[in-house]
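S.K.: I'll drop the sequence and a predicted model, then ask my questions.
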Amino acid sequence: MTGGHETAAGREATAGYEADAPQEATAPPESAARPGSHPRHGLDEVIHAPVRFSIVATLAAAEKAEFAFVRDTVEVSDSVLSRQAATLEKAGYVAVTKGYVGKRPRTWLSLTPYGREVFTAHCRALRAIAGDPDQPRNDPDPTRNDPDR
């Protein structure tokens with residue numbers, strides 16, 4: 001199979017492969033990790049960037065936030081926040097609303113329901129990877145890093 005297209009030769013080469021292999025040899029041991037089972041696969045590439053993560057975390061704490069508040073909280077320039085907010089908006093994670101307070105133009109940012117869901121899943125994946133930093137990890141070989149070993 002090349003370039004995502006299956007050919008007749010590819011089908012013939014793999015035909016019967018699974019049926020011919022003994023089940024015991026192909027089944028992974030109970031302790032083996034399955035492809036895609038590591039929590040890192042739950043990380044979202046858009047949110048993972050530090051500035052975007054900080055923006056989304058700030059927005060997760062409120063229904064909406066004024067642009068200047070997010071800019072000052074995340075400690076970035078107007079142009080950086082504008083670019084990153086546009087990326088998050090394009091991904092469907094953030095809604096950008098423009099309006100006025102008196103005669104002054106204002107911009108508000110808010111997480112969309114989808115953005116909140118993705119952020120929650122991303123944080124869950126981070127916690128699964130890091131575990132509880134206050135608890136020692138269960139290392140199957142505690143002498144691995146022992147200098148006296």
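M.R.: Nice, thanks for sending it over. From a predicted model like this one, the values you see are computed outputs, not experimental measurements.
S.K.: which secondary structure element contains the spatially closest residue to residue 62 that is not a sequence neighbour?
M.R.: Distance criterion Cβ to Cβ, 6 or more residues apart in numbering; nearest residue to residue 62, sequence neighbours excluded, is residue 110 at 7.9 Å. C-beta here means a position set from N, CA and C on the backbone, and glycine is covered the same way. When elements are defined using DSSP states H and E, residue 110 is found to belong to strand 104-111.
S.K.: which elements pack onto whichever strand or helix holds residue 80?
M.R.: Element membership for residue 80 (DSSP H and E) is helix 78-90. For helix 78-90, the helices and strands in contact under the criterion 3 or more Cβ pairs under 8 Å, 6 or more residues apart in numbering; DSSP states H and E are helix 45-48, helix 50-60, helix 67-74, strand 94-101.
S.K.: show residues contacting the third one.
M.R.: Right, the one you point to is helix 67-74. When contacts are taken as Cβ atoms under 8 Å, 6 or more residues apart in numbering, the neighbours of helix 67-74 outside the stretch itself are 51, 54-55, 58-59, 65, 77-78, 81, 85, 106-109.
S.K.: just the buried residues of the lengthiest helix in the chain, please?
M.R.: Taking residue count as the measure and DSSP state H as the definition, the longest helix of the chain comes out as helix 113-130. Counting neighbours by 16 or more other Cβ atoms under 10 Å, one finds that the buried residues in helix 113-130 are 115, 118, 119, 122, 123, 125.
S.K.: of the residues you listed, closest to residue 42?
M.R.: Minimum separation from residue 42 among those (Cβ to Cβ) is found for residue 125, which lies at 3.2 Å.
S.K.: what about that closest one, distance to residue 104?
M.R.: 40 Å (Cβ to Cβ, to the nearest Å).
S.K.: what do you get for residue 77?
M.R.: In this view, residue 77 and residue 104 are 20 Å apart by Cβ to Cβ.
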